[in-house]
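**Q** sharing a model prediction with you, sequence too.
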Amino acid sequence: MSLLIASLLLSLLAVLIGWLATRRDPAGSPLLTLGSLLLLLSLPLLMLLPKVTVEVSAAPDQTAALSGTALPIFGVLWIVGFLFAAFRMTRDYCALRRWFSASSECEDPTLHALLKDCRSQLGLDRNIPIHLCPGQGSPCIAGLLHPVLYLPETSRFWSGQTLRMVLLHELGHLARRDLWTALAARLTCLVHWFNPLVWWLRRHLLAQCEYACDARVIAAGADPKDYVNALCDVAESGREPQTALAMAGSAPLRRRVERLIARPTHRHRLLVGSTLLLTATTSLALSVLRFSPAPPIDPPYTPEEINLRLTADPFPAD
């Protein structure tokens, strides 16, 4: 089965599962969405597995025409789209580097003491530098190997409680390894650039990461009311690079506030595991199946042949 068909079918299943998982709780389970995206990312490698041929009713000339024209054209278009998506991804990382150069490291001892307290609250050992970036609207964190926490210049006027909630949220992304999750989703979109369902899954996953990070901050002991107030204080965000995770981005603010107030329960892990197993089995099946036209069936007897067989002498020797 071609990459195009396998990508569309598997992503359609993942979107359906994601929609069902978030009907009652907008956070759903990020693990389900991440697992689906990782399976989609590994789909080109799975396509190299030995194939199982399934015969279907199709004209041989139509199948030959499909393999001779449509597939090479799709291959050329995929390469062009892949290079364009890779260029955009590289441009975003270059924008992040320029953003880093335009920022200045914060040397406020009070803010660093607050950061140390938040790290201890979340169980993080590594030290994270804080940079102040002019023109930035929302706090965010970026950098895979050397993460940096970016704050807008207006953060100097925030209250201590708002700053604590902001630091807990951004450090929560680091504790959950959401930057690596976002990278995996971006790479999946790089491979499946032609599939709008994959882009929807990426946006859905980033929103789920925000919900999960909110829940982690509350579980660490933060007061929900103070956290909601902090979200509203930093709601007006600027344009951050695609490689950064901003506190006021990805997920709708209203739904985040409603979820913080409602405090829904988490779904059972057995359901998550069984759903992931179903998705993995489906992706494997889509990878190894290969459809081929069934052998031609002999045409039926003509009326003359039938009449000849009926009237023939069964004992010609006699």
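**A** Structure received. Numbering: from 1, shown residues only.
**Q** and Ala182, how far from Ala230?
**A** In this structure, Ala182 and Ala230 are 22 Å apart, going by CB to CB, to the nearest Å. The way it works is simple: take the backbone N, C-alpha and C, and place the C-beta from them, glycine included.
**Q** who's more crowded, those two?
**A** Higher neighbour count among Ala182 and Ala230: Ala230, with 25 against 22, using other CB atoms under 10 Å.
**Q** could you measure from the residue nearest to that one when sequence neighbours are not counted over to Pro30?
**A** Nearest residue to Ala230, sequence neighbours excluded (CB to CB, 6 or more residues apart in numbering): Met165, at 3.4 Å. Using CB to CB, Met165 is found at 21 Å from Pro30.
**Q** next: Pro303.
**A** Relative to Pro30, and taking CB to CB, Pro303 is found at 67 Å.
**Q** for Thr188, same thing?
**A** 14 Å.
**Q** which one's more surrounded, these two?
**A** Thr188 (27 against 24).
**Q** would you tell me what the next helix or strand after the host helix or strand of the more buried one is?
**A** Per DSSP states H and E, Thr188 falls inside helix 178-191. Downstream of helix 178-191, the first helix or strand assigned by DSSP H and E is helix 196-219.
**Q** got the angle between the helix or strand following that following helix and helix 196-219?
**A** Where DSSP H and E defines the elements, the next helix or strand beyond helix 196-219 is helix 224-233. Between helix 224-233 and helix 196-219, the angle comes out at 130 degrees (axes from the mean of the first three to the mean of the last three CA atoms, to 10 degrees).
**Q** please tell me how far the residue nearest to Ala21 when sequence neighbours are not counted sits from Asp178.
**A** Setting aside the residues directly before and after it, Ala21 is nearest to Gly28 in space (CB to CB, 6+ apart), at 3.8 Å. In this view, Gly28 and Asp178 are 15 Å apart by CB to CB.
**Q** ok so, going back, the residue nearest to Ala230 - how many residues pack around it?
**A** Count around Met165 with other CB under 10 Å applied: 25.
**Q** please apply the same query to Leu278.
**A** Leu278: 12 neighbours (other CB under 10 Å).
**Q** and the helix or strand hosting it, average pLDDT?
**A** In this structure, Leu278 sits in helix 269-288 according to DSSP H and E. In this model, helix 269-288 has an average pLDDT of 70.
**Q** and for stretch 211-228?
**A** Stretch 211-228 comes out at a mean pLDDT of 85.
**Q** I figured Val257 was touching Ala230, is that so?
**A** No - between Val257 and Ala230 there is no contact under CB atoms under 8 Å: 11.1 Å.
**Q** check contacts around the residue nearest to Ala230.
**A** By CB atoms under 8 Å, 6 or more residues apart in numbering, Met165 lies in contact with Val217, Ala222, Asp226, Tyr227, Asn229, Ala230, Leu231.
**Q** now for the strand or helix carrying Arg256, which elements pack on it?
**A** Using DSSP H and E, Arg256 sits within helix 253-262. On a contact count with 3 or more CB pairs under 8 Å, 6 or more residues apart in numbering; DSSP states H and E, helix 253-262 meets helix 196-219, helix 224-233.
**Q** mean neighbour count, the ones you listed: which tops it?
**A** Counting by mean count of other CB atoms under 10 Å, helix 196-219 has the highest mean neighbour count of the helices and strands packed on helix 253-262, with a mean of 21.
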